[in-house]
Structure formats: structure tokens, C-alpha cells
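Novice: Give me coordinates for this.
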Amino acid sequence: MEVLLTGASGFVGSALLPELLRDGHSVRALSRDPARVPAGEARVFRGDAVTGDGLPQALEGVELAYYLIHSMEPAPEGAGFEEREQRAARNFAAAAHDAGVRRIVYLGGLVPRWEQERGRRARSRHLASREAVERVLMEAVPDSLALRASIVIGARSRSFRLLVRLVERMPVLTLPAWQRFRTQPIDQRDIIAMLRAGASTEISGEVLEVGGPDVLTYGEMLERIAEAMLVGRPALRLRVSMTPVAGRVAAAIAAEHPELVLPLMEGLQGDLLAREDHAAERLGVRLHSFEQAVARALAEWERAEPLAAR
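Specialist: Reported below is the predicted structural model:
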């Protein structure tokens, strides 16, 4: 099958690319900087979804497109990430429709239930933007498939790396009120397997919410990561969230962009759990436990970079 992979140099895309090639697909990779793509046998196209440059050429003759474009980094032109994501999604959706693409497979984020329960729109800009992108893509190509996932556990996952850095660099884990909320972290291997299945499954026109087998609070995740890193970290549990302050402090400790950390923390206002739609079973994927995911991610991390805490 002729496949276009966007986000090929990113965390998920770079892991998915060799798997698609092993599955026998003819893969094109789209990137603003082709030099960053570990292409191998893939053909690399220069393009930019935000401006629309290069999309018609990259999508010509493509049957299946993976849309893995997502960034909350500050942009030179000063546009907010929501505006950039909407622009990129509209450009890509229009180009895919015009090219006759049969399916888009999109990886987004879990949609919170608590804003309906509280009778207000309280979700974060980050989560709302991901859902809006999903809607744009699926309206343009109705036979598409969207996966909504919680935090993905992998060595290059920005969210996971943030948690590891906090454990590594904070002698006392100071946990705001959001530490009590639950979610379902998922192993990188399982997300990659589900995305691969998106190329051959008969499921179409659906949104599947996917999570790992373990339901954990954010506080429990940090504590289990500390255990896996063999470090002792007492926890100080606060009753307030203080997101604007806590986000900037966490970004400084982890040496991350506040523009990344703050939108992520805005989403920590309640549980983020997947619907009981049996997504893993329907896609033929056997899930790994949180402990297995963390052990693999830390081992891969340490092959490239030492962890000071260990």
C-alpha cells in the first residue's frame, strides 16, 4: 500500500516508520527538514502542513496517510499552537481529499468526561485542539480512524520524559492536587501496534479511545517511576493545583518549554480514562503493563543518555 507518514521525525513517527516498511508498505515520509528523518527505504518529501507547501506532491497516489503532527512549541511567527494545529489540519485534510486518499489514521488524546459532568467547558487548550483536529480530518475523509490515547510511555515521549526528570531532580516529590486524578498510560509498543493495525483493519469512520491495562493516578505513576529508577523520593501532597506556578516550576526543573508543560497541566482537572470500547481487542493488540512499559523506556533512554539519579 502507498502510505504517507507525517511527523516521521517525531517520537511516535520515528518508531512507526520502520514497522510500516517491515509490513511491506511503500512509505513516503513528510518533513519540514528531511535531514531529520531516518528514512531507510522510505522516500522523504519536504513539506509543511501549516503552510500547505509540498502537500499535493507528497499525497499524490497515496491510499493511506498517518497524521502525527502535533506541537505546542513556540513558533517564530507568534501564532498560538491551537491556530497552527487548525491551519495544518485544514490544509492536510483538503489536500488528502483532493488526492483521493482513502483513509487517514490520526493519533490524538483522550477526551475528558468531567467537563460534561460539571456542566461547563473546562478542558485544556491542548485536549480541545486535538479533538478539533480529529474532527477536521474525519470530515474530509470519512473512512478514517482516530485513536485517542493517554500519556504514551517511551524513551522519547515528552510527557514521560517530564515525569522522569521531575523524579530525577526533585529530592521531595511535591505533588499538586491533580496527583489524585487517574489515567491509563500506554506502552509505546502498543500504540505503534495499533497504528500499524490501522492500515489493515476493517474498522473505519470510528474514534477509538485506547489506554493501557493499568489505571493509575498521576501520583502513583511518579512513585512507580521512582521505584523503577531505584531512588527513594518522599512525597508531599498538596490540596491545591496552582497550575500556572506549578507548570512553570516543573518546566524549569525538567528544562522544558513552559509552552509545552502549561497546556499539559491544564488538562489535569479530573480523570482521563478510555471508554470501554475494547479498542485493543478489536485491533488485535496485547497490552503491556505500566511496569513493563517503564522498564523498557528507561532501558532505551539509558542506552543513549545516562540518568543521573541511577
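
Novice: C-alpha from now on. contacts and neighbour counts both.
Specialist: Will do.

Novice: residue boundaries of the helices in the stretch 51-200 of the chain?
Specialist: Remark: helices assigned in the stretch 51-200 of the chain by DSSP state H, counting those that start in this stretch are 55-59, 81-99, 114-117, 125-140, 158-169, 188-197.

Novice: Out of those helices, name the one with the poorest average pLDDT.
Specialist: Between the helices of the stretch 51-200 of the chain, the one with the least mean pLDDT is helix 114-117; it has a mean of 52.

Novice: between the helices of the stretch 51-200 of the chain, which gets nearest to R28?
Specialist: helix 55-59 (7.4 Å; Cα to Cα).

Novice: Show me what the closest one is packed against.
Specialist: helix 81-99 (3 or more Cα pairs under 8 Å, 6 or more residues apart in numbering; DSSP states H and E).

Novice: re the thing from before, so can I have CSV of the helices of the stretch 51-200 of the chain showing mean neighbour count and distance to S26?
Specialist: Shown next, in CSV, are the helices of the stretch 51-200 of the chain (neighbours: other Cα atoms under 10 Å; distance: least, Cα to Cα, whole Å):
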stretch, mean neighbour count, distance to S26
helix 55-59, 20, 13
helix 81-99, 19, 17
helix 114-117, 12, 42
helix 125-140, 19, 22
helix 158-169, 19, 29
helix 188-197, 21, 13
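
Novice: for these, which one sits closest to L16?
Specialist: Here helix 188-197 is closest among the helices of the stretch 51-200 of the chain (Cα to Cα), at 5.8 Å.

Novice: In TSV, list the helices of the stretch 51-200 of the chain along with distance to M1.
Specialist: Shown next, in TSV, are those (distance: least, Cα to Cα, whole Å):
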stretch	distance to M1
helix 55-59	13
helix 81-99	15
helix 114-117	40
helix 125-140	20
helix 158-169	31
helix 188-197	12
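
Novice: I'd like to know which of those lies nearest to Y218.
Specialist: Among the helices of the stretch 51-200 of the chain, helix 158-169 sits nearest to Y218 (Cα to Cα), with 9.4 Å.

Novice: Enumerate residues external to the closest one that contact any of its residues.
Specialist: Outside helix 158-169, the residues that touch it by Cα atoms under 8 Å, 6 or more residues apart in numbering are 151-155, 173, 222, 225-226, 233, 250, 253-254, 256, 307-309.

Novice: Which of those residues fall in strands?
Specialist: Among those, DSSP state E puts V152, I153, L173 in strands.

Novice: Most neighbours among the residues you listed, which one is it?
Specialist: I153 (27 neighbours; other Cα atoms under 10 Å).

Novice: still on that earlier bit, so which of the helices of the stretch 51-200 of the chain comes closest to G24?
Specialist: Nearest of those (Cα to Cα): helix 188-197, 11.3 Å.

Novice: Need the residues that contact that closest one.
Specialist: Contacts of helix 188-197 (Cα under 8 Å, 6+ apart): 12, 15-16, 19-20, 105, 152-154, 280, 283-288, 293.

Novice: Tell me which helix or strand comes right after that helix.
Specialist: strand 206-210 (DSSP states H and E).

Novice: Might you report the residue contacts of G7?
Specialist: Per Cα under 8 Å, 6+ apart, neighbours of G7: G13, S14, A29, L30, S31, Y67, L68, I69, H70.

Novice: Wait, the fourth one touches Q57, no?
Specialist: No: counting by Cα atoms under 8 Å, L30 stays clear of Q57, with 10.3 Å between them.

Novice: between the ones in strands among the contacts of helix 158-169, which is closest to R182?
Specialist: V152 (14.5 Å).

Novice: any residues touching stretch 17-35, and which ones?
Specialist: 1-9, 37, 39, 41-48, 58, 196.

Novice: Filter these down to the buried ones, PyMOL style.
Specialist: Here is the PyMOL command that picks out the buried ones among the contacts of stretch 17-35, judged by 16 or more other Cα atoms under 10 Å:
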select buried, resi 2+3+4+5+6+7+8+9+37+39+42+44+45+46+47+48+58+196
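
Novice: if we can go back for a sec, now, of the contacts of helix 158-169, which are buried?
Specialist: 151-155, 173, 222, 225-226, 233, 250, 253-254, 256.

Novice: Perfect, I'm done here.
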